[in-house]
Each structure stands twice: as C-alpha cells, then as structure tokens.
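> Here is my input, please return the structure:
(2 chains)
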Amino acid sequence: MADLKVTLCGIELDNPVIPASGTFGFGYEFAQWYDINCLGTFSFKGTTKESRFGNPTPRIAECPAGMINAVGLQNPGVEKVISEELPKLKQVFGKKVMANVSGFSVADYAETCEKLDKEEQVGWLEVNISCPNVHGGGMSFGTDPKAAAEVTRAVKRVTTKPVIMKLSPNVTDITAIAKACEDAGADAVSLINTLQGMRIDLRTRKPVIRNVMGGVSGPAVFPVALRMVYQTARAVKIPVVGMGGVTTAEDVLEMMMAGAVAVEVGAANLADPLACKRIIGDLPAAMERYGIGSLRELSGR
Amino acid sequence: MSEALITITENVRIAENVYRMALESPELEAQKPGQFVNFRLEGLFLRRPISVYDSAAGQLTVIYKTVGKGTRQMAGMQPGAVLNVLTGLGNGYDLSRAGDKPLLLGGGVGVPPLYLLAKQLIAQGRQVTAVLGFNTRAEVFGEAEFKALGCEVTVTTADGSYGTKGFVTDALPEEYSYFYTCGPEPMLKAVYAKTKTSGQFSFEERMGCGFGACMGCSCKTVTGYKRICREGPVLEKEEILWQI
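Residues are numbered from 1 along each chain as shown, chains lettered A, B, ... in the order given. The predicted structure is shown next:
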C-alpha cells in the first residue's frame, strides 16, 4: 500500500495535496463538486483586516499553458471570514485548514493573524507577502529580506500556530528572502506565488487586464517554480511547501523530489473543479510506477 | 453544476462568424434559460463560457460567434467529437416576474440565451415580443426560430440593411409587462435608460473558472458584490451599478 501521509509543521496530512489560496474560495464552493475531506488540507481565500472588492475587471486573461489573474485580494475581511465563512466551511470540512493572510502594513498582518489564531479549525497561518496585484502591500513585503523578516516576527508574536511565509518569485534571489523568514522564526515557507505578466488585446491594442499586469499561473510556470523550490529547500532547514503550475500526480512527485514536504495546487482547480480529487486518486499508481513506497521519504525531510 | 462528456451532433454556420452547435449526452440535465456552459478545449488552459440557446434532458444547443482562438477551434469541430463541459452554471432568468406580455431584447450573440426563455414563457401562455438587433444583414439569425415559437418578432440592423434601421431600443413596443435582455454593454445601457418597466439583464465578463471559485468576474451591485458566473449572469434592473 502506498503511504501518502506527510507531516507539515507537526500536523499530519492524509496526503500532500493542498488547493492553493485564491483558487478554492472558502472550500464550500468545491464541496458541491466532491467531498473535500479527501484533501490534505486547503489554503483559504487570502484574508485581509478590512473587506476588499479587489481590482476592476477584466481580472483574468488566458496565456499559453496558463492564465493571468489580477483579482486583488477580494475578500469579506477577517471578521466576516470568522463569523460567516468558517462556520460554513466547518459543515463540509472536518480537517484543519490553512488560513491565508494578506496585509498592507506589518500591523495589519499581525492583527489579522491574531484573530485567526483563536480559530480552532485553523491549523496553519500562511502569510502572503507576495501578492502582485495590490499596491502598497503584498509583494512589497516579500521582495525585501528585512521587510519579510519584520512581518514574520510580528506574526510569530501573536500566534502559537505554525507560520508559513508565502514567497514571491518576482525577486532576484528567493533563497535570501526564505532565509530571512527562517531567521525571523518562520515555521515553513511556501512558494511560488504568481509571476508578474501581462497580455495585450490585438483588436483594442490595450492590456487585456484592466490593472495592466497580473500574476501568471498554470503549467507554464511549473519549471520555474520547481527550480525555486529546489533552491530554497537547499538553503533553509524549515519545511518548504511547493506550488506553481502543479496539474498532475507526477508534478506532485517532482515537487517533492525537489524538496517540498507538501504541494499546493492552484490554477488547475479553476480549469477543472475536480483537479485535486483526481491528483489524489492518481498518486498511488504514479508512486508505484516510480517505485515510491512512501511520500514522506521523497523530500528527504 | 456538473461535469459531462457530451458529443457534438451538429455544428453549422448560421450567419457571418456565427455558428450553431448541438450536443447530446444521456448524463446531461436540462439547462435553465440564461444559464451557461463552460467548454474545455484542446490546448487552451481556461474553459470557454457559452450561453445556452436551447436545452432539454440529454440535449444542449449553443450559438456562438468566432471571436478568438477558442471559438475558432469550436467552429472547426465535426459531429461525433466529444467535449468536456461544465453545465448548469449561473443563475439564469427568473420567469416568475414576466407578466402577460414580456419583451425580449437581444443584440448579436446576446440573442441566443433568449430563445429557451421565449420557449418557456410561451409554454406558460404568455404573449412574447422579441426585438433582435444586429449590425448588418449578414449577421442576422434567429428570426424564423423565434417566430416558429410564436413570438412577435422585430429585427433591427444598425446599418438598415435588413428589418428596421437602428438599434433594439429604436423598436421598443408601446406596451410590455416586463423585459429580459442580453447583448453588448452599450446596448444594455441604452435598454436600461429607455425601458419603462423592470427587467433582467444578462451580463458578460472574462471568467477564470465559471463556477464561483476565483472571483475573476466580480461586479458591484446595489445588493453587494456579485460574481457574474454565480450570482449572475442575470441581474435585476434595480440592482445594477454601471461601472465606469
């Protein structure tokens, strides 16, 4: 029997497959497609202190083997996430969930995390310092080691739950940011968020995305993501959660061989609502094909 | 909402750059008027959302315009080909507010979602008027089909090459109980300004998933933020906030 179990920051997961934030809402939308309790866990929609509408539309564009989004962290704000979204989630998901948090100041991050820290169903705090689609926050914290460390320290002070810093690929050296987070007390890092990109509409000669630029995701970014996971896993001792273009069970295995202890799946959920269920179902056969008895052994951690 | 593998039974050109595709599958449920389906296409990452023209249990017909890679690929497909389709998406039109004499206003490829609506309104015994607007004669379709259902039909063309010259809003009847509309945004704005009753508008937006997960197609309304793919594509006149 193939052993799919892995451990992420002390919490055991039935399998390493984790739908990524922003592609899975607050879970219950997907419960209409399949029983989401088959997942390792999932990272819920990026939550901020105040509610946000996000960017004007169009927010979405197609690109070769992927897509671009510039949603801009639309969410109902942490208070409503706790009072409305999490109770709905609890009805369809019995496992610990990963809370994804974004902010526009260090104090924002800390305040939002402090509130989510009190929620029993939250197993991990995934702190997004890499959103490319908002100004004056998000990615600006994830492109400077000092700022990344500052956010990490502020969040660590207000929670006892494991803190996973979600990193941006839009940097010269992602390992420098990862190391800064590790030194500041992060329990893990997750990577990569989307790569900045754009498209132009040939008919209008204007950018397809109203915000001009957005974040590229999907299979197109997989090799880049894999490379960054590989580099980061060799630069830090804390666990690395790999993501970026993962679409198949084989991609999950590759990510783990590169050093990821668990793997997030993003854009694939949007093209195929059953993507994660299929990947989990395909894992045992894929493991057998490559002589893998236990996923835990793969990442070498 | 469900996923289905459905087989093309017909795919024909019916006007300039406009095609009708009929599909069937025993697992397909009847779609509601105003709902849409989302086609997975070879070599394209995102699905392509297309509104429902006609549907019954096991059957689906769509009418689409070739505007980009996805729809051009669809136009080249042959009967017998099998497609992965997400069905039952969106809220659809609410028929309960129609009244005795509902008016349907369609512009270009905004015409198709009104066909199944007209069919069901007539089945309920209502007297339906349809005004179908196009740019020019070569793009006109649907007139005979709406007439065959029992609708009173007016066709308008912007250049006057067929039917009444002008836009759908230049051919509004004197009397109607309620309206349903779908078309390009400038037309919807004109309909909003020139209609005298309440009504329902079907909107279009670039979508990521089409089933409410990605927040790619959100809009602001009087009653809060809505996802065009989930709480839409049909919005009531009273809740619309036009974006600049």
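
> Leaving out sequence neighbours, find the closest residue to residue A:253.
In space, residue A:253 comes closest to residue A:286 once its chain neighbours are excluded; the distance is 6.1 Å by Cβ to Cβ, 6 or more residues apart in numbering or on different chains. For glycine as for every other residue, the C-beta is placed from the backbone atoms N, C-alpha and C.

> measure residue A:212 to chain B for me?
15 Å (Cβ to the nearest Cβ, to the nearest Å).

> Please, which helix or strand holds the residue of the stretch 151-300 of chain A found nearest chain B?
Ranked by Cβ to the nearest Cβ, the top residue of the stretch 151-300 of chain A for proximity to chain B is residue A:270, at 3.9 Å. Taking DSSP states H and E as the definition, residue A:270 sits inside helix A:268-271.

> Run through who's touching that helix.
By Cβ atoms under 8 Å, 6 or more residues apart in numbering or on different chains, the residues outside helix A:268-271 that reach it are A:19-20, A:23-24, A:30, A:67, A:218, A:246-247, A:275-276, A:279, B:40, B:45-47, B:208-209, B:213-214.

> what about the strands in the stretch 151-300 of chain A?
For the stretch 151-300 of chain A, applying DSSP state E, counting those that start in this stretch gives strands covering A:163-166, A:188-191, A:195-197, A:200-201, A:206-207, A:214-217, A:240-243, A:262-265.

> any chance of the ones you listed in JSON lines, plus mean pLDDT and distance to chain B?
Below are these laid out as JSON lines (pLDDT from 0 to 100; distance: least, Cβ to the nearest Cβ, whole Å):
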{"stretch": "strand A:163-166", "mean pLDDT": "98", "distance to chain B": "17"}
{"stretch": "strand A:188-191", "mean pLDDT": "98", "distance to chain B": "19"}
{"stretch": "strand A:195-197", "mean pLDDT": "97", "distance to chain B": "13"}
{"stretch": "strand A:200-201", "mean pLDDT": "96", "distance to chain B": "10"}
{"stretch": "strand A:206-207", "mean pLDDT": "97", "distance to chain B": "12"}
{"stretch": "strand A:214-217", "mean pLDDT": "97", "distance to chain B": "9"}
{"stretch": "strand A:240-243", "mean pLDDT": "98", "distance to chain B": "16"}
{"stretch": "strand A:262-265", "mean pLDDT": "98", "distance to chain B": "12"}
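
> near chain A, which residues of chain B?
Residues of chain B found near chain A (Cβ under 8 Å from any Cβ of the partner chain) are B:1, B:3, B:40, B:44-47, B:69, B:86, B:205-209, B:211-220, B:225, B:243.

> Look at residue A:83 and say how many residues are nearby.
For residue A:83, the number of neighbouring residues by other Cβ atoms under 10 Å in any protein chain shown comes to 10.

> could you show me where the helices are in the chain, in order?
By default, I'm working from chain A. For chain A, the helices defined by DSSP state H cover A:28-31, A:78-80, A:86-92, A:106-117, A:139-142, A:145-158, A:174-183, A:222-235, A:249-257, A:268-271, A:275-289, A:295-298.

> that's the other chain; I wanted chain B
Under DSSP H, chain B gives helices at B:69-75, B:113-123, B:143-149, B:185-194.

> Out of the strands of the stretch 151-300 of chain A, the one nearest residue B:184 is which?
strand A:200-201 (15.6 Å; Cβ to Cβ).

> Residue A:10 and chain B, how far apart?
In terms of Cβ to the nearest Cβ, residue A:10 sits 29 Å off from chain B.

> was I right about that residue contacting residue A:162?
Yes - using Cβ atoms under 8 Å, residue A:10 is in contact with residue A:162, at 6.8 Å.

> So for the two, which sits in the more crowded spot?
residue A:162 (19 against 10).

> Just give the closest residue to the more buried one, not the sequence neighbours.
In this structure, residue A:162 finds its nearest non-sequential neighbour in residue A:9, 3.4 Å apart by Cβ to Cβ, 6+ apart.

> Neighbours of that neighbour, how many?
18.

> list the contacts for the residue lying farthest from the centre of chain B?
Distance from the centre of chain B peaks at residue B:43, with 25.7 Å (Cα atoms, centre = their mean). Residues near residue B:43 by Cβ under 8 Å, 6+ apart: residue B:73.

> returning to what we had before: mind saving the C-alpha coords of the helix holding residue A:270 as PDB?
Taking Å, rounded to 0.1, in the frame of the first residue of the first chain, the C-alpha atoms of helix A:268-271 are listed here in PDB:
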ATOM      1  CA  ALA A 268      -5.600  23.700 -12.100                       C
ATOM      2  CA  ASN A 269      -8.700  23.900  -9.800                       C
ATOM      3  CA  LEU A 270     -10.100  26.700 -12.000                       C
ATOM      4  CA  ALA A 271      -9.800  24.800 -15.200                       C
END
